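**Q** Pasting a predicted model and its sequence here:
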Amino acid sequence: MAALFLCFRHRKVSAFGISRLPKDNLDPCQLHLKLKLGTLVGVLNVLREYSSGSTTKFDFTDLTCPHTWYPNARRKHRKVFLHVGPTNSGKTHHALKKLESSSSGIYCGPLRLLAWEVAKRLNKAKVPCDLITGQEREEVDGAKHKAVTVEMADVNSDYSCAVVDEIQMLGCKTRGFSFTRALLGISADELHLCGDPAAVPLIEEILKVTGDDVKVEYYERLSPLVPSKKPLGSFCNIQTGDCIVTFSRREIYRMKKKIESGGKHLCSVVYGSLPPETRTRQATMFNDASSEFDVLVASDAIGMGLNLNISRIIFSTMTKFDGVEIRDLTVPEVKQIAGRAGRYGSKFPVGEVTCLHADDLPLLLSSLESPSPILETAGLFPTFDLMFMYSRLHPKSGIYQILEHFLENAKLSPNYFIADCGEVLKVAAIIDEMPLSLQDKYLFCISPVDMNDEISSQGLTQFAENYAKKGIVRLKEIFTPGTLMVPKTQAKLEELESIHKVLDLYVWLSFRLEDSFPDRELAASQKAICGLLIEEFLERLGWQKPTARRLRSRNASSSSLSKDVKRIL
Ligand SMILES: Nc1ncnc2c1ncn2[C@@H]1O[C@H](COP(=O)(O)OP(=O)(O)OP(=O)(O)O)[C@@H](O)[C@H]1O
């Protein structure tokens, strides 16, 4: 039955002209969403055929065979290596060694910071490597390697070697589908997957139908991680090299103040909504033995991407608000965060982990001893092709209805779940009334906007309104006169972070709607200034001392700030 179904799918695929799609395959993560005429005509012809009743009914919501969406990868007999083990066990290191020695390759990571780090490492090793993230394209002459964020993974080119880091994230409700796409879609002779052993059975199951060879390599932690039997108890017991973990930005700043009021330590801060550059600078200050910033206060944003000289992780709480409810930290979350202590090669060869309160110790200890629960399903999201074809047959449906239809009716094999589209639907509801093509609406829907942040969601609405009216958006149309001046004098730190997010979104959209966003360079420079203002804000509160180099660059940026502001307003 399954074989018959596959034959049927393949017949349909070529009947739909999709055999010509690979180069232009418009799936959710594609860099360029511009339909090529040939493909469009092919699809329309098939749709005409379909509506005239000459073709057997095709179920667009049938997502049971996602491996057939990637014919390039299916033509290869890939050698898949699963590098699995605890944190700090050298999994990524081994995979990157393979990448470095290959004639061409791609690294796909979950964070911009990780993609930056890998591009830097390869270029330093004289392996020219491009950096491609949603917001950056840094091309290096002669590069046959790329370091990308997983959403930008290229499924149309052939590589000798590919690495997908933190592969267990294929179980993530919102971003998991991008990892599934990389797993199924990257066309490489060797595919190296690094992550938690909990993902092994699912990946083996998923790859049963692809014809790939799968080999699992298990790793042990390189340096010991010792759970403490005693809680920290009081902030007086904080020591150099400690990292205290908490999950709200308010708590981060409260604890920083409290620790610093003791007069013995200064704290760096790391949390998700700090711009990545600022996060890196805060981490660098903490790592630098000669700086006075010897303690870190951080959220779970330290769990991935930063190399930190942490001696001891202290959980200030073992619960976290996940957007819906306050819940206990999961086993993988505890392990990922705790694993940051005693990083191999750092100045603390043994890591320690404890809690602030004694009550929390049992959960910490049991989590560290338990294996992560086995992953059962991987994320999936319908490709743009499928939505486009469905929309041709239901021309009155807006993108919200189309998405809803897919979410409610998607047919999935037991290995997959459909991605959580809460955020996407919020955007769809806003833009559906605007006179935009489905393709543009789709693009706005998948943009990295934070709809819970008022300034960011307003920014997106203003982009979309201006773009729908004129097909072009200038910065001054999304920032009312004066807004860009505000950060300099009176903005709160939260506002600066939100403005930074809007500028970041502008840069992201500008890469996809190139002609329509003429101020990309300006947005990028404003974003950099915004980052500096955020750091100035930290300084103003005595939270960070400016270095001479940074002061110079800030002065340079301030003068370009007034020039830019003049140009905009
Ligand atoms: N053989 C090695 N020689 C030198 N350094 C190594 C070696 N193996 C690992 N390292 C270093 O140890 C640190 C941890 O390695 P790596 O990042 O590969 O671990 P990981 O298992 O992927 O960890 P995580 O899951 O936390 O990302 C890195 O700084 C890495 O460069």
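**A** That came through fine.

**Q** For the residue nearest to residue 311 when sequence neighbours are not counted, which residues are in contact?
**A** Spatial nearest neighbour of residue 311, chain neighbours left out: residue 241 (3.2 Å); criterion: Cβ to Cβ, 6 or more residues apart in numbering. (Each C-beta comes from the backbone N, C-alpha and C, glycine too.) By Cβ atoms under 8 Å, 6 or more residues apart in numbering, the contact set of residue 241 is 294-295, 309-312, 347-348.

**Q** Helix or strand: which one has residue 314?
**A** Assigned by DSSP states H and E, residue 314 falls within strand 312-315.

**Q** Which strands border that strand, and is each parallel or antiparallel?
**A** Sheet pairing for strand 312-315, assigned by DSSP bridges, gives strand 242-245 (parallel), strand 351-355 (parallel).

**Q** out of those, nearest to residue 497?
**A** strand 242-245 (19.8 Å; Cβ to Cβ).

**Q** check contacts around residue 414.
**A** By Cβ under 8 Å, 6+ apart, the contact list for residue 414 reads residue 377.

**Q** separation between it and residue 202?
**A** Going from residue 414 to residue 202 by Cβ to Cβ, to the nearest Å gives 10 Å.

**Q** shared neighbours, these two?
**A** Shared contacts of residue 414 and residue 202 (Cβ under 8 Å, 6+ apart): residue 377.

**Q** and the residue lying closest to residue 347 once chain neighbours are set aside, how many residues sit next to it?
**A** Setting aside the residues directly before and after it, residue 347 is nearest to residue 309 in space (Cβ to Cβ, 6+ apart), at 5.4 Å. Residue neighbour count, defined by other Cβ atoms under 10 Å, stands at 22 for residue 309.

**Q** if we can go back for a sec, would you reformat the strands paired with strand 312-315 as CSV and include mean neighbour count?
**A** Formatted as CSV, the strands paired with strand 312-315 follow (neighbours: other Cβ atoms under 10 Å):
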stretch, mean neighbour count
strand 242-245, 26
strand 351-355, 25
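
**Q** out of the ones you listed, which comes closest to residue 134?
**A** Smallest distance to residue 134 across these (Cβ to Cβ): 27.2 Å, for strand 242-245.

**Q** With just CA atoms, put the closest one into PDB.
**A** Output in PDB follows, covering the C-alpha atoms of strand 242-245 (Å, rounded to 0.1, in the frame of the first residue of the first chain):
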ATOM      1  CA  ASP A 242      29.800  31.700  38.900                       C
ATOM      2  CA  CYS A 243      26.900  32.000  36.600                       C
ATOM      3  CA  ILE A 244      23.500  32.500  38.100                       C
ATOM      4  CA  VAL A 245      20.600  31.400  35.900                       C
END
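
**Q** Could you point out the helix or strand that follows that strand?
**A** As assigned by DSSP H and E, the chain's next helix or strand after strand 242-245 is helix 249-261.

**Q** Now do that following helix, average pLDDT.
**A** When pLDDT is averaged over helix 249-261, the result is 91.

**Q** Can you list the buried residues in that helix?
**A** Going by neighbour count (16 or more other Cβ atoms under 10 Å), the buried part of helix 249-261 is 249, 251-253, 255-256, 259-260.

**Q** How about residues contacting stretch 263-272?
**A** Residues from elsewhere that reach stretch 263-272, judged by Cβ under 8 Å, 6+ apart: 238, 240, 249, 252-253, 255-256, 259-260, 279, 282-283, 285-286, 292-299, 301-302, 306, 538, 543-544.

**Q** Show me these that map onto strands.
**A** Assignment to strands by DSSP state E places the following of these there: 293-298.

**Q** Can you tell me, leaving aside adjacent residues, what's nearest to residue 122?
**A** Distance criterion Cβ to Cβ, 6+ apart; nearest residue to residue 122, sequence neighbours excluded, is residue 129 at 3.8 Å.

**Q** scratch that, residue 205 is what I was asking about
**A** residue 415 is the one closest to residue 205 (Cβ to Cβ, 6+ apart), at 5.7 Å.

**Q** Tell me the confidence at the one you found?
**A** 97.

**Q** who's in contact with it?
**A** Per Cβ under 8 Å, 6+ apart, neighbours of residue 415: 202, 205-206, 377-378.

**Q** List phi and psi for residue 79.
**A** Residue 79 adopts backbone torsions of phi -100, psi 110, taken as degrees, to the nearest 10.

**Q** Touching, it and residue 193? I think so.
**A** No - using Cβ atoms under 8 Å, residue 79 is not in contact with residue 193, being 11.5 Å away.

**Q** neighbour count winner among those two?
**A** Neighbour totals were compared for residue 79 and residue 193, and residue 193 leads with 29 against 15 (other Cβ under 10 Å).

**Q** On the three-state scheme, the more buried one is what?
**A** Under the three-state scheme (DSSP: H, G, I helix; E, B strand; the rest coil), residue 193 adopts strand.

**Q** all helices of the stretch 51-200 of the chain, in order?
**A** 71-75, 91-100, 112-124, 176-185, 200-206 (DSSP state H, counting those that start in this stretch).

**Q** Deepest in the core, which of the ones you listed is it.
**A** helix 176-185 (a mean of 26; mean count of other Cβ atoms under 10 Å).

**Q** ok so, going back, distance check, the residue nearest to residue 205 against the ligand.
**A** According to Cβ to the nearest ligand atom, to the nearest Å, residue 415 stands 24 Å off from the ligand.

**Q** before we move on, what about residue 462?
**A** 39 Å.

**Q** Can you tell me the closest non-neighbouring residue to residue 212?
**A** Nearest non-adjacent residue to residue 212, counting by Cβ to Cβ, 6+ apart: residue 78, 4.2 Å away.

**Q** Contact partners for that neighbour?
**A** The contact partners of residue 78, by Cβ under 8 Å, 6+ apart, come to 187-191, 210, 212-213.

**Q** If we only consider these, which is nearest to residue 175?
**A** Nearest to residue 175 among the contacts of residue 78, with distances taken as Cβ to Cβ, is residue 191, at 19.0 Å.

**Q** so the closest one bridges to which residues?
**A** residue 80, residue 162.
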